[in-house]
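Asks: predicted model follows, preceded by the sequence.
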Amino acid sequence: MSRFTVEVLVTPRPGLLDPQGKAVHSALASLGYEDVKDVRVGKAIYLEVAAASAAEATERVEEACRKLLANPVTEDYRVTAEGSR
């Protein structure tokens, strides 16, 4: 088995209220960053997974996303597995 570093990026679904994103957007505007037109705040989760392949590591983490790491009703997620050690 190899070890893979798997990154999960979880973001609010488009069109849903993102209070943190709105607060950051407002704060950026007050600091002079009017060119920033929208902000979405999500979360990044990093896992180290033992698996036979990157595809297998990705599949296991996607299963974990569906069960625990992301709310499928309000959030989208993207899983990326990198390198083996």
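Replies: On my side now, so go ahead.

Asks: any idea how far Glu82 lies from Ala64?
Replies: As defined by C-beta to C-beta, to the nearest Å, Glu82 lies at a distance of 17 Å from Ala64. Quick note: C-beta positions are derived from backbone N, CA and C, even for glycine.

Asks: compare the two (neighbour count), which wins?
Replies: More crowded of Glu82 and Ala64, by other C-beta atoms under 10 Å: Ala64, with 17 against 11.

Asks: in this protein, where is pLDDT below threshold?
Replies: 84-85 (pLDDT under 70).

Asks: name the single longest strand found in it.
Replies: As assigned by DSSP state E, the longest strand anywhere in the chain is strand 2-12.

Asks: so the helix or strand just after that strand versus strand 2-12, what angle?
Replies: Later in the chain than strand 2-12, the nearest helix or strand by DSSP states H and E is helix 19-30. If you take axes from the mean of the first three to the mean of the last three C-alpha atoms, to 10 degrees, helix 19-30 sits at 70 degrees to strand 2-12.

Asks: list the buried residues for whichever helix or strand comes after helix 19-30?
Replies: Counting by DSSP H and E, the next helix or strand C-terminal to helix 19-30 is strand 43-51. By neighbour count on 16 or more other C-beta atoms under 10 Å, the buried set for strand 43-51 is Ile45, Leu47, Val49, Ala51.
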